[in-house]
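*Asks:* coordinates for the following, if possible.
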Amino acid sequence: MRFLGTTVSKTDQKGRVFLPSVFRKELQASGEEVLVMRKDVHRQCLVLYPESVWNAQMDEMFQKTNLWDATEKEVLSMFMSDVELMALDGSGRILIPRRYIDMAKINQEVRFIGMNKTIEIWSVEVWAAEHEQKAALSQEEFAAKLKLIMGRTL
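*Replies:* Prediction:
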């Protein structure tokens, strides 16, 4: 399963939004019915995990966490405590709970971004502000950062 691309959509007054069809098709092809939503750790967006991806991440986190260390256990608890299980309704929509709408500063329009095994949901305004800052990077700066990430010469 691999989510790619970006789409803008609108939430209704109840916070429901259509998951882009390209992402719905990918979920269906993989047999995924349940999604897990949480706020991103670093940025002001939401992240949708297919249940199998979430479970694999949780398995890895539990393997790496010393449950006898109070700080590590607290971090794990904080990460896991603010999640929402959800499924698509018959129309292909998800309901974004009010607390998540507030956390991500979503007004009405949202931007879905495929991020390989997860899907980010951004307020269009927040995404534009963050993207505008990052767009100030020159092509050379972008290439240098990508090289650092990839650990090899591009």
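*Asks:* relative to Val47, how far out is the spatially closest residue to Met58 that is not a sequence neighbour?
*Replies:* Using C-beta to C-beta, 6 or more residues apart in numbering and skipping residues adjacent in sequence, the residue nearest Met58 is Met80, 7.3 Å away. Where you see a C-beta, it was placed from the backbone N, CA and C, and this is true even at glycine. To Val47, Met80 is 14 Å away according to C-beta to C-beta, to the nearest Å.
*Asks:* neighbour count: these two, which is higher?
*Replies:* Val47 (20 against 14; other C-beta atoms under 10 Å).
*Asks:* quick one: the more buried one from Ala129, how far?
*Replies:* Taken as C-beta to C-beta, the span from Val47 to Ala129 is 19 Å.
*Asks:* cool, and Val53?
*Replies:* To Ala129, Val53 is 28 Å away according to C-beta to C-beta.
*Asks:* check Thr65 too.
*Replies:* Taken as C-beta to C-beta, the span from Thr65 to Ala129 is 34 Å.
*Asks:* Glu109: what's it in contact with?
*Replies:* 8-11, 123-125 (C-beta atoms under 8 Å, 6 or more residues apart in numbering).
*Asks:* filter these down to the buried ones, ChimeraX style.
*Replies:* Selection of buried members from the contacts of Glu109 for ChimeraX, criterion 16 or more other C-beta atoms under 10 Å:
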select :9,11,123,124
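*Asks:* of the contacts of Glu109, which belong to helices?
*Replies:* Under the assignment DSSP state H, the contacts of Glu109 contribute 124-125 to helices.
*Asks:* widest-spaced pair of the contacts of Glu109?
*Replies:* Distances among the contacts of Glu109 were taken as C-beta to C-beta; the most separated pair is Ser9 and Glu125, at 14.4 Å.
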